[in-house]
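K.L.:
what follows is a predicted protein model with its sequence.
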Amino acid sequence: MKWFWLSAVVLLLDQGSKLLADARLVFHEPVPLLPFFNLRLAYNTGAAFSFLGNAGGWQRWFFAGISVLVVGVLVVWMRRLKPEQWQLSLAFALIIGGALGNLIDRLVYGHVIDFIDVYYKTWHWPTFNIADSAITLGAGLLLLDAWAAHRREKQAAGTGA
């Protein structure tokens, strides 16, 4: 439970940055910051990579429902973790904060506010936000934890790494 502060920090940073981006940026007008990084306001009615973005509106509630379900499952799971499982708690806290940030956008605006534009020459990664970054980092930490657990099991079984 002590990791929920991180979810709150992610949520506050995400919502604050989205409000600022929405107030200060012009829709789809890039603001160059670095040779590979722009601020560019975009609205995503879909999920990752605009999946189902043009589905007619029902996807708003579908993705909101998935967010509520995922957050609920992770909160229950996180509460059952042992203190030494801090890596999982860290990952879950990041995912929860990010999922709540994007959930608020879907419920309030009907879309997710994105503004981080990373690119190389003419190739642009899909525009994203702090919530997406937290979810991605949390998912990466989950994969690392699973890999480390698998290695520990193999070593305990005597089969090496």
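P.N.:
Perfect, I can see it now. No experiment lies behind these values; they were computed from the predicted model shown.
K.L.:
and the longest helix belonging to the chain, what does it pack onto?
P.N.:
Identified as the longest helix of the chain according to DSSP state H is helix 130-156. Packing contacts for helix 130-156, counted by 3 or more Cβ pairs under 8 Å, 6 or more residues apart in numbering; DSSP states H and E, involve helix 4-24, helix 86-109, strand 112-120. Where you see a C-beta, it was placed from the backbone N, CA and C, and this is true even at glycine.
K.L.:
now that helix: buried residues?
P.N.:
Buried residues in helix 130-156, defined by neighbour count with 16 or more other Cβ atoms under 10 Å: 130-135, 137-138, 141-142.
K.L.:
what mean pLDDT does that helix get?
P.N.:
Mean per-residue pLDDT for helix 130-156: 92.
K.L.:
what's the angle between it and strand 112-120?
P.N.:
Interaxial angle of helix 130-156 relative to strand 112-120 (axes from the mean of the first three to the mean of the last three Cα atoms, to 10 degrees): 70 degrees.
K.L.:
before we move on, back to that, now the helices and strands packed on helix 130-156 in a markdown table, with mean neighbour count, distance to residue 74 and mean pLDDT?
P.N.:
Below are the helices and strands packed on helix 130-156 laid out as a markdown table (neighbours: other Cβ atoms under 10 Å; distance: least, Cβ to Cβ, whole Å; pLDDT from 0 to 100):
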| stretch | mean neighbour count | distance to residue 74 | mean pLDDT |
| --- | --- | --- | --- |
| helix 4-24 | 16 | 9 | 98 |
| helix 86-109 | 22 | 5 | 96 |
| strand 112-120 | 20 | 19 | 97 |
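K.L.:
which one of those lies closest to residue 148?
P.N.:
helix 86-109 (8.0 Å; Cβ to Cβ).
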